[in-house]
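Asker: Starting from these lines, generate the structure:
(chains A, B, C and D)
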Protein chains: 2
Amino acid sequence: MNDLANAPDLVSDSDEPKTLAETAYRQLRRDIIEGVHRPGDKLRVEHLKDQYEVGAGTLREALQLLVTDALVVAQGQRGFRVAPMSLDDFADITRTRVLLETSALQQSIELGDDAWEASVVAAFHMLSRAEDKLGDGSKASREEWEMRNRAFHEALIGACPSRWIRHFQNILYHQSERYRRLSLFRQPIPRDVHAEHQAIVDAALARNSAEASRILSEHILRTLEAVRQLPADFIN
Amino acid sequence: MNDLANAPDLVSDSDEPKTLAETAYRQLRRDIIEGVHRPGDKLRVEHLKDQYEVGAGTLREALQLLVTDALVVAQGQRGFRVAPMSLDDFADITRTRVLLETSALQQSIELGDDAWEASVVAAFHMLSRAEDKLGDGSKASREEWEMRNRAFHEALIGACPSRWIRHFQNILYHQSERYRRLSLFRQPIPRDVHAEHQAIVDAALARNSAEASRILSEHILRTLEAVRQLPADFIN
DNA sequence: TCAATAACTTTTCTCGAGATTTTTGTCTAT
DNA sequence: ATAGACAAAAATCTCGAGAAAAGTTATTGA
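Answerer: Numbers count the residues shown, from 1 in each chain, chains lettered A, B, ... in the order given. Here you go, the predicted structure:
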């Protein structure tokens, strides 16, 4: 139909940072997702420029990039703040993710070729291996699992030709990461995620679009439930 | 359910520009949508800073804001360019818009109260009046119609509580504006748009979610067909 | 004639200082 | 004691110049 699948991303994310601003942007993004800068915190340029070792203008640019990801909000003439978090917001993020990701998955199942099937199987395998090593509870293994989990979800919708859906999906994934981090903190991988992933793979390879969407939906929504059951004051 | 409907937008767009950078941003955005800067054009800071009468750093910031809207693409260390246009891209935009806007409409129909109904009727009335004045073919009347058309679509999904859907919807609307401009150029409001809008309003007020979505889908997709039938070299 | 290198020009990126605006703190008057 | 106004402090926003990179043209050798 169209060949957008191989077109460059709307916002380059994969390749190396070529500029100081982008380097600071990535460090800041990680720090926000990790909770170093907490929701609602004011991000003062004068303080942060020393911390991240760049000029004021450069840091400003990094903050602007974070506005694109909606991890930072800018209020004209009143500086920058870390985007607030709330249960309602996470519910919104999750539902929107379900809407986009199921649609992308359906298109993937419809259009995906052998190479797509192979990449899904491969990503699932990588993820399964990471699950095995998750027992030690180390931070490294958990981060590895995070990365591969993300790679798996990306592989699933990899054959979806819509650059826009993938772009929005990307933004939402970063957002959820902030929340999922909370749920992992208390109950490290509680439910049987492996079986859920396996079921999605099976349905996808069987080209059973409706079934795959249904399972994926429940899979994503379950994370919402996990966060909902956290102590109320966990999100502030 | 949740009270996000009245929460501030992810990216403030309604209120007045409080900073020079934001002013330049709006001017630039309009110029890109209007085609003053053409797709693929290089946006050289040194030239543009004089044209828009701001400093280099300030213009840089304005360009960064446009990256958020995906109207400008930044290539690290190689400056900024106007985002390219293509038929495939517009098809992608349109389909994604349909996905988001029908979902938002369904939620609106489900949750909307009397005030929502009133705002839909009001926006429809405003739009109809603008259609009457469209006969003179003046630029002013066409711009008025554009604004009210947008207001109408926004009113329809106004009761959708998802800030994220509305945010993405917003970005996509700006994108389509660039393309719709082309179709208006040749065939000024060709099809019977009024009847389509009327049908959507009727179905929405009757709380007929499925029917309203179906009509809205076709309504949006028709614009895609209109652009498809333009001379091939119109998009370059 | 063509390819590779080198010098030059253009453009982007980065920084620190000055001008505005917001915020904080203090003081006075009711 | 509270509210308002004034003053001081902090932070943001803006600008122009200098450093680094990319792009362009000229030159040289085979």
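Asker: mind listing the helices for chain A?
Answerer: Taking DSSP state H as the criterion, chain A carries its helices at A:20-34, A:45-51, A:56-68, A:87-111, A:114-132, A:139-156, A:163-186, A:193-205, A:209-228.
Asker: What are the buried residues along the first one?
Answerer: Neighbour counts over helix A:20-34 (16 or more other Cβ atoms under 10 Å in any protein chain shown) mark A:20, A:21, A:22, A:23, A:24, A:25, A:27, A:28, A:29, A:32, A:33 as buried. Every residue, glycine included, has its C-beta placed from N, CA and C.
Asker: average pLDDT for stretch A:126-144?
Answerer: The average pLDDT within stretch A:126-144 is 86.
Asker: should've said stretch A:65-81
Answerer: On average, stretch A:65-81 scores 91.
Asker: Any part of that stretch near DNA strand C?
Answerer: Yes: for a cut-off given as Cβ under 7 Å from any atom of the strand, stretch A:65-81 has contacts with DNA strand C, namely A:77, A:78.
Asker: Can you list the neighbours in contact with that stretch?
Answerer: With Cβ atoms under 8 Å, 6 or more residues apart in numbering or on different chains as the test, stretch A:65-81 has contacts from A:11, A:21-22, A:25, A:28-29, A:32-33, A:40-45, A:63-64, A:82-84, A:171, A:174-175, A:178, B:10-12, B:17-19, B:22, B:64-65, B:67-68, B:167.
Asker: Among these, the buried ones, what's the ChimeraX command?
Answerer: To isolate the buried ones among those in ChimeraX, judged by 16+ other Cβ under 10 Å, type:
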select /A:11,21,22,25,28,29,32,33,43,45,63,64,82,83,171,174,175,178 /B:10,11,22,64,65,67,68,167
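Asker: Can you tell me the centre-most residue of chain A?
Answerer: With distances taken as Cα atoms, centre = their mean, the residue of chain A nearest its centroid is residue A:173 (2.4 Å).
Asker: Neighbours of the closest residue to that one other than its chain neighbours, how many?
Answerer: Closest residue to residue A:173 apart from its sequence neighbours, by Cβ to Cβ, 6 or more residues apart in numbering or on different chains: residue A:150 at 6.6 Å. Other residues lying near residue A:150 total 16 when counted by other Cβ atoms under 10 Å in any protein chain shown.
Asker: In terms of pLDDT, where does residue A:150 sit?
Answerer: 92.
Asker: Which pLDDT value goes with the residue nearest to the centre of chain A?
Answerer: Looking at residue A:173, its pLDDT is 91.
Asker: ok, now which ones touch it?
Answerer: Going by Cβ under 8 Å, 6+ apart, residue A:173 touches A:97, A:150, A:153.
Asker: could you redo the last one with a cut-off of 10 Å?
Answerer: Going by Cβ atoms under 10 Å, 6 or more residues apart in numbering or on different chains, residue A:173 touches A:93, A:97, A:101, A:149, A:150, A:153, A:154, A:180.
Asker: Buried among the residues you listed? Need that as a selection in PyMOL.
Answerer: Burial among the contacts of residue A:173 is assessed by 16+ other Cβ under 10 Å; the matching PyMOL selection reads:
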select buried, chain A and resi 93+97+101+149+150+153+154+180
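Asker: got the angle between the helix or strand bottoming out on mean pLDDT in chain A and helix A:139-156?
Answerer: None of the helices or strands of chain A scores lower by mean pLDDT, DSSP states H and E than helix A:163-186, at a mean of 87. For helix A:163-186 against helix A:139-156, the angle by axes from the mean of the first three to the mean of the last three Cα atoms, to 10 degrees is 150 degrees.
Asker: Grab the CA positions of helix A:163-186 and hand them over as PDB.
Answerer: Extracted C-alpha coordinates of helix A:163-186, given in PDB (Å, rounded to 0.1, in the frame of the first residue of the first chain):
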ATOM      1  CA  ARG A 163       4.100   6.400  11.100                       C
ATOM      2  CA  TRP A 164       1.800   8.600  13.100                       C
ATOM      3  CA  ILE A 165       0.300   5.800  15.200                       C
ATOM      4  CA  ARG A 166       3.800   4.600  16.000                       C
ATOM      5  CA  HIS A 167       4.800   8.200  16.900                       C
ATOM      6  CA  PHE A 168       2.000   8.600  19.300                       C
ATOM      7  CA  GLN A 169       2.500   5.100  20.600                       C
ATOM      8  CA  ASN A 170       6.100   6.000  21.400                       C
ATOM      9  CA  ILE A 171       5.100   9.100  23.400                       C
ATOM     10  CA  LEU A 172       2.600   7.100  25.400                       C
ATOM     11  CA  TYR A 173       5.000   4.400  26.100                       C
ATOM     12  CA  HIS A 174       7.400   6.800  27.700                       C
ATOM     13  CA  GLN A 175       4.600   8.200  29.800                       C
ATOM     14  CA  SER A 176       3.500   4.800  31.000                       C
ATOM     15  CA  GLU A 177       7.100   4.000  31.900                       C
ATOM     16  CA  ARG A 178       6.900   6.600  34.600                       C
ATOM     17  CA  TYR A 179       3.900   4.900  36.100                       C
ATOM     18  CA  ARG A 180       4.900   1.300  35.600                       C
ATOM     19  CA  ARG A 181       8.000   2.100  37.500                       C
ATOM     20  CA  LEU A 182       5.900   2.700  40.600                       C
ATOM     21  CA  SER A 183       4.100  -0.700  40.300                       C
ATOM     22  CA  LEU A 184       7.400  -2.500  39.800                       C
ATOM     23  CA  PHE A 185       8.700  -0.900  42.900                       C
ATOM     24  CA  ARG A 186       6.200  -2.600  45.200                       C
END
